[in-house]
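# give me a model of this one.
(chains A and B)
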Amino acid sequence: MPVGALASIGHRLSGVLLAAGLPVAVYLLDISLRDEQGFVEVTRWGNSWAFKGAAFLLAWALAHHILAGVRHLLTDISVGSTLYRARRSGWAVNLGGVAIALLVGALWL
Amino acid sequence: MKSTASGLSAWLVQRVTAVYMLLFVLAMTGFLLLYPKHSYAQWSGWVRQPVVAIAVFVFFAALLSHLWVGLRDVLFDYARPAGLRRVLLAALALALAGMALWVIRILF
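The predicted structure follows:
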C-alpha cells in the first residue's frame, strides 16, 4: 500500500476510534466533576490496565488524526503537494503518530 | 441532506473546527502539564472558571460538528442500502444532539 494511502486510511480509522471513545471520555469528565468521590474514582480507574490500553490506542488515534489533518490543511494551501514531498510527509504522519503514542505511553501510562 | 452542511460548507466546517480543536488540545495539554490538578477542588474550580468552561464548551461544539461531517462521510461511503443509511444518519444526529445536551449539563 502506498504511504499516502496508509496515512489516509489511518486518518479515517483514527477518526472513528476517537468518535467511539468520546462517550467514555465525556462520562469520565462528568464523574470527575460531580464530587470529591467521583474525582477519586476516576483517578483510580486511570491506574487500571484496561484504561491504560485504551488510552494508548486513543493517543495513537489522536496523534495520527491531528498529523494527517495538518497534512491535509497544508495540501489545501498547496504546501507539499508534489509527489516527493507528499510521500515524505506521509511517512512523517505514519511514523509520527506511532512515535507520539509511544512517548505518551512511556511518560504517563 | 443538502441543507445540513454539504459541499463547500462541510469542507469549511471541518477545517475551522479542526484548527480550533488543534489549538485547544495543545493549550490544554501544555496547561495541565504545567499545572496538574491533584484534587477535586483544584480540578472543578479550574474547569468551572468562565474562561475555561467557555473554551471547553466551544471545543465540544466544534468536536460534535466535526464528528457530524466526518462520520456522515463514513456512512455515505459504507452504509448500504439507502434505507439503512437514513436510519444510521438519524441515529447519529440524535446521539450527537444528546452528547451536546450532556456536555452543557456537565459544564453549566
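
# neighbours of B:Pro86, how many?
No Pro there; residue B:86 is Arg. For B:Arg86, the count of nearby residues is 13 (other CB atoms under 10 Å in any protein chain shown). C-beta coordinates here come from the backbone N, C-alpha and C atoms, glycine included.

# sorry, that was for A:Leu18
Burial of A:Leu18 is recorded as 19 neighbouring residues (other CB under 10 Å).

# now A:His11
A:His11: 21 neighbours (other CB under 10 Å).

# closest residue of chain A to chain B?
Going by CB to the nearest CB, chain B is nearest to A:Phe39 of chain A, at 3.8 Å.

# just give the nearest non-adjacent residue to that residue, would you?
B:Tyr40 (3.8 Å; CB to CB, 6 or more residues apart in numbering or on different chains).

# what segments of chain B are helices?
For chain B, the helices defined by DSSP state H occupy B:7-34, B:40-47, B:50-78, B:82-107.

# chain A too?
A:3-34, A:36-45, A:49-76, A:83-108.

# kindly reformat those as a markdown table containing mean pLDDT and distance to B:Val19.
Output for the helices of chain A, formatted as a markdown table (pLDDT from 0 to 100; distance: least, CB to CB, whole Å):
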| stretch | mean pLDDT | distance to B:Val19 |
| --- | --- | --- |
| helix A:3-34 | 97 | 16 |
| helix A:36-45 | 97 | 30 |
| helix A:49-76 | 96 | 8 |
| helix A:83-108 | 95 | 17 |
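
# okay if I get these as CSV plus distance to B:Ala62?
Formatted as CSV, the helices of chain A follow (distance: least, CB to CB, whole Å):
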stretch, distance to B:Ala62
helix A:3-34, 13
helix A:36-45, 24
helix A:49-76, 13
helix A:83-108, 21
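
# so which of these comes closest to B:Val58?
helix A:3-34 (15.3 Å; CB to CB).

# how about low-confidence regions in chain B?
B:1-5 (pLDDT under 70).

# near chain A, which residues of it?
B:15, B:18-19, B:22, B:25, B:39-40, B:43-44, B:47-48, B:63, B:67, B:70-71, B:74, B:99, B:102-103, B:106 (CB under 8 Å from any CB of the partner chain).

# and these, which of them are buried?
Buried members of the residues of chain B next to chain A, scored by 16 or more other CB atoms under 10 Å in any protein chain shown, are B:18, B:40, B:43-44, B:47, B:63, B:67, B:70-71, B:99, B:102-103, B:106.

# which one of those residues is nearest A:Arg44?
B:Tyr40 (13.0 Å).

# where's that closest one relative to A:Ser48, distance?
From B:Tyr40 across to A:Ser48, the span is 20 Å (CB to CB, to the nearest Å).

# cool, and A:Pro23?
Relative to A:Ser48, and taking CB to CB, A:Pro23 is found at 18 Å.

# who's more crowded, the two?
A:Pro23 (13 against 10).

# is it true that that one touches B:Val103?
No - assessed by CB atoms under 8 Å, A:Pro23 is found out of contact with B:Val103, at 11.0 Å.
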